[in-house]
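Student: My questions concern the predicted model and sequence given below.
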Amino acid sequence: KAGVTQTPRYLIKTRGQQVTLSCSPISGHRSVSWYQQTPGQGLQFLFEYFSETQRNKGNFPGRFSGRQFSNSRSEMNVSTLELGDSALYLCASSLASGPSSYNEQFFGPGTRLTVL
Amino acid sequence: AQRVTQPEKLLSVFKGAPVELKCNYSYSGSPELFWYVQYSRQRLQLLLRHISRESIKGFTADLNKGETSFHLKKPFAQEEDSAMYYCALRRNAGNMLTFGGGTRLMVKP
């Protein structure tokens, strides 16, 4: 089975621009989560989508948004980029998890975003 | 709000020595705790979860609710254990994980 794929792998943008990152989950996985990883803040949860609906959201400003398509592929968008948005953005997919069951999240390789 | 703390950024041990990577958490409810590992040039992957109470690659972790800790232990470290280890907490339905800052384990020959 193919793993989680993320495109592009590397991206350079300038302040004020916007960016869209893409994530293709493992076949059959309907939950997609996004995380931001920086040296200073570590791994921080951005949001989770399940069946095209946002199910959880982390503590990030509204400039960060996402969506999920009917084929479970997901995109995240960051508008009005700031220098501090430079980070590795990780996507993870899993089967749906419920209150009493957790299905392992499988992580992608990440997209390295650099904001100049 | 929930919080996960890994007090050591770097832990260096010799091969064959015991290893303990510390993880403390704060959460008012009943947490679900995990250890994730990232080997060099590989993806982040699940190592073990407290609810399964199993040993993976010789590693074990016990949830201590009194001390709010979930330390990862291995009696005899191997060089291939060198990696970045993250403790994580899941607090509700869904897949939202709160990660600690990570500990880099270096096992020297």
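Tutor: Nice, thanks for sending it over. As the structure is a computational prediction, the values presented were derived from the model and not from experiment.
Student: which stretches of chain A have low pLDDT?
Tutor: By pLDDT under 70, the low-scoring segments of chain A are A:1, A:97-100.
Student: ok, so what distance separates B:Trp35 from A:Ser51?
Tutor: The spacing between B:Trp35 and A:Ser51, counted by Cβ to Cβ, to the nearest Å, is 29 Å. All C-beta spots, glycine's among them, are computed from the backbone N, C-alpha and C.
Student: more neighbours, these two?
Tutor: More crowded of B:Trp35 and A:Ser51, by other Cβ atoms under 10 Å in any protein chain shown: B:Trp35, with 23 against 11.
Student: Provide a list of residues in contact with the residue lying closest to the more buried one once chain neighbours are set aside.
Tutor: Leaving aside its chain neighbours, B:Trp35 sits nearest to B:Leu47 (4.4 Å; criterion: Cβ to Cβ, 6 or more residues apart in numbering or on different chains). The contact partners of B:Leu47, by Cβ atoms under 8 Å, 6 or more residues apart in numbering or on different chains, come to B:34-37, B:56-57, B:59, B:72, B:85.
Student: what residues does stretch B:54-61 touch?
Tutor: By Cβ under 8 Å, 6+ apart, stretch B:54-61 touches B:23, B:33, B:35, B:47-48, B:50, B:70-76, B:78, B:81.
Student: what about 10 Å?
Tutor: The contact list for stretch B:54-61 (Cβ atoms under 10 Å, 6 or more residues apart in numbering or on different chains) reads B:19-21, B:23, B:33-35, B:37, B:46-50, B:53, B:69-78, B:80-81, B:85, B:87.
Student: Give me the buried entries from the contacts of B:Leu47.
Tutor: Neighbour-count burial (16 or more other Cβ atoms under 10 Å in any protein chain shown) applied to the contacts of B:Leu47 gives B:34-37, B:59, B:72, B:85.
Student: Nearest to A:Ser93 among the residues you listed?
Tutor: Using Cβ to Cβ, B:Tyr36 is the member of the buried ones among the contacts of B:Leu47 that lies nearest A:Ser93, at 14.9 Å.
Student: Going along the chain from the helix or strand where that closest one lies, find the next helix or strand for me.
Tutor: Element membership for B:Tyr36 (DSSP states H and E) is strand B:32-38. Of the helices and strands lying after strand B:32-38 in sequence (DSSP H and E), the nearest is strand B:45-49.
Student: end to end, how far does stretch B:81-99 reach?
Tutor: 20 Å (Cα to Cα, to the nearest Å).
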